[in-house]
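K.L.:
could you look at this predicted model? Sequence included:
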Amino acid sequence: MKILFITNIPSPYRVDFFNQLGRHVELTVVFRARRSLARVGAFNWRDDGDMQFQALYLNCGFLEERKCDLSILGHIRKNEYDFIFATQYGNATELLAILKMIFFRIPFVLEIDGGIIRDGDFFRQSVKKFVIPKAIYCFSPSKGSDEFLCHYGADSEKIVRYPFTSISSRDVLAAMPTRERKSKLKAELDLPDKPTILFVGQIIKRKGIDVLLKALLGIQEDFMCVIIGARADSEYYDNLLPLLSDRVRMLDFLTEHELVKYYECADFMTFPTRHDEWGLVVNEAMAKGLPVITTTKCTAGMELVTDGVTGHLFEVDDVCGLNDMIRLYLQNPEETRKKGSNSLELIRNHTIEKMVDCHMLFFKAKRGHAS
C-alpha cells in the first residue's frame, strides 16, 4: 500500500511515527523544510540516520512559514497513492497542495493534531469551512477535536479517532519512580529535596507562565518549581520572578534526553496554557508518572486529564483556582502520587505504536475507498 504524508519538518516524534509506519506500508513523506529555526537547539533530530520511509524536502534549510513553495504541486499526482494525508492546511504551501487535490478531484485525508473552536479572521475561518468538508476522512485525536471538525463542516461519520502523541512505548516508565529515585535525581540536578512542580513550554503569554507565578506567590507550603522553556516574553515574569527567586529554577529549552530526569524527579506538572491545539508536554509528563494540572483550553488536558484521577482542569487565567490545586497536591503527597500512577497507566494506550496500529486498521478497512 502506498501512502503519502505532507507535513512541516522532521521533528523527532514525527520521524519515529513515520519510521514505524514505514515498516508496514510504502510510505513517502514530503517535508516543507529540514529544520525549524525555533527548534534547532531543542530537538534531538533523528532524520539523518536509516529511515524506513522516503523523505522528500521542499527546502533543505529552515522552515519559512509564510512562503508558498510551488514545488509541492509536483508531488501531488492522481492515482499514485492509496491515501494522501494533509496535516497543516493553515500554511500556504500545504493549502496549495490541498487546492490542487480538490480541483483535480484527488481524494485526501486530513489529519489534525487537535482543534479548538474560536473566533478568527474571516480568511482563516473561510479556509477551514472550505477545506475540512472536502476531506474524504478526518483523523482526530480527541472529542473536542471531533467537535472542531464538525463545526467546520466535517461529516461525523468520516472522523477517525487516533491517539496523537510524541512518546513511544519505550518512553513510558515500567513503574512509578520510587521516592529514593526522585531524591537521587534531584541531587544530580542540584535541586533541593522537596516537593517539585514542573512547567515545560515556551515562556510566552499564551502558555500562561504569569498565571503560574502569581499562583505560586500565595503558597506557604515548601516547594521548588522548575520552569523549562525559551525566554521569549520576559515582561510576563520579570516583575514576579524576584519574589520567588529561591523557590523557582528557570532553565532554557533542554534536549529530550536532558528533560527526562526533570520529568522523573518532579511530583506534578502545571501547564496553565491559554490555548493549545494539543500540548504534547501533557503526554510526556504522564509517561513519567506525573499528574497534570492544566486548563480547559488545552486539548490534551481535556482528552487525557480526568479531575481527581489523572490531574485537574481549571479555567484559563484562574489564578486562585490554580493556587488551590497546587496547595492540594502539596498537602496530599500520597494522593498526588496515586494520580501520577493513574496517569502512567492511562498513557500506555497513547503511544506511537498505538498511533501506528490505528492507521493500519484504517488502511485495511478503507483500502479502495480513496478512489
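P.N.:
Yep, it's here.
K.L.:
quick one, what contacts the most centrally placed residue in the chain?
P.N.:
Here the mean C-alpha position of the chain is nearest to the C-alpha of L280 (C-alpha atoms, centre = their mean), at a distance of 2.7 Å. Each residue near L280 by C-beta atoms under 8 Å, 6 or more residues apart in numbering is listed here: 13, 165-166, 300. C-beta here means a position set from N, CA and C on the backbone, and glycine is covered the same way.
K.L.:
per-residue confidence for it?
P.N.:
Looking at L280, its pLDDT is 96.
K.L.:
can you check W45 too?
P.N.:
On the pLDDT scale, W45 is placed at 55.
K.L.:
burial measure for K158, as a count.
P.N.:
Counted with other C-beta atoms under 10 Å, the neighbours of K158 add up to 15.
K.L.:
err, Q202, not the other one
P.N.:
Counted with other C-beta under 10 Å, Q202 comes out at 16.
K.L.:
residues contacting the closest residue to it other than its chain neighbours?
P.N.:
Once flanking residues are discounted, Q202 sits nearest to G229: 5.1 Å by C-beta to C-beta, 6 or more residues apart in numbering. Neighbouring residues of G229 by C-beta under 8 Å, 6+ apart: 199-203, 207, 209, 251-253.
K.L.:
quick check, nearest of these to R170?
P.N.:
Using C-beta to C-beta, V200 comes nearest to R170 of the contacts of G229, at 19.7 Å.
K.L.:
that closest one against T273, yeah?
P.N.:
No - V200 lies out of contact with T273 (C-beta atoms under 8 Å); the separation is 11.2 Å.
K.L.:
doesn't L110 lie inside a helix?
P.N.:
No - counting by DSSP: H, G, I helix; E, B strand; the rest coil, L110 is located in no helix; its state is strand.
K.L.:
what's across from it in the sheet?
P.N.:
A86, C138 (DSSP bridges).
K.L.:
gap between it and V172?
P.N.:
The gap separating L110 from V172 is 28 Å, by C-beta to C-beta, to the nearest Å.
K.L.:
between the two, who's got more neighbours?
P.N.:
Neighbours of L110 and V172, each counted by other C-beta under 10 Å, are more numerous for L110; the result is 24 against 19.
K.L.:
show me what contacts the more buried one?
P.N.:
85-87, 89, 131-132, 135, 137-139.
K.L.:
flag the least confident of those.
P.N.:
Y89 (90).
K.L.:
spit out the contact partners of that one.
P.N.:
95, 98, 110, 127-128, 131-132.
K.L.:
could you rerun that using 6 Å?
P.N.:
95, 98, 131 (C-beta atoms under 6 Å, 6 or more residues apart in numbering).
K.L.:
same check, this time on E264
P.N.:
Residues near E264 by C-beta under 6 Å, 6+ apart: 177, 185, 288.
K.L.:
quick check, it in a helix?
P.N.:
Yes - E264 forms part of a helix when assessed by three-state DSSP.
K.L.:
most neighbours out of the contacts of Y89, which is it?
P.N.:
I98 (25 neighbours).
K.L.:
correct me, but that residue touches Q88?
P.N.:
No - contact criterion C-beta atoms under 6 Å: I98 and Q88 do not qualify, at 9.7 Å.
K.L.:
the strands in the stretch 1-150 of the chain, which residues?
P.N.:
Counting by DSSP state E, counting those that start in this stretch, one finds strands in the stretch 1-150 of the chain at the ranges 2-7, 26-31, 54-57, 83-86, 109-111, 137-140.
K.L.:
gap between stretch 72-87 and the chain center?
P.N.:
Mean-position distance between stretch 72-87 and its chain equals 25 Å (C-alpha atoms, centre = their mean, to the nearest Å).
K.L.:
er, stretch 273-293 I mean
P.N.:
For stretch 273-293, the distance to the chain centre is 8 Å (C-alpha atoms, centre = their mean).
K.L.:
same check on stretch 311-325?
P.N.:
Using C-alpha atoms, centre = their mean, the offset of stretch 311-325 from its chain centre is 21 Å.
K.L.:
straight-line length of it, end to end?
P.N.:
End-to-end span of stretch 311-325 (C-alpha to C-alpha, to the nearest Å): 9 Å.
K.L.:
need the strands of the stretch 1-150 of the chain in a markdown table (columns: distance to R161).
P.N.:
A markdown table is the format used below for the strands of the stretch 1-150 of the chain (distance: least, C-beta to C-beta, whole Å):
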| stretch | distance to R161 |
| --- | --- |
| strand 2-7 | 18 |
| strand 26-31 | 21 |
| strand 54-57 | 27 |
| strand 83-86 | 15 |
| strand 109-111 | 12 |
| strand 137-140 | 6 |
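K.L.:
nearest to D222, out of those?
P.N.:
Here strand 137-140 is closest among the strands of the stretch 1-150 of the chain (C-beta to C-beta), at 42.3 Å.
K.L.:
which strands and helices sit next to the closest one?
P.N.:
Here strand 137-140 touches strand 109-111, helix 143-151, strand 159-161, going by 3 or more C-beta pairs under 6 Å, 6 or more residues apart in numbering; DSSP states H and E.
K.L.:
which strands and helices sit next to the last one?
P.N.:
On a contact count with 3+ C-beta pairs under 6 Å, 6+ apart, strand 159-161 meets strand 137-140.
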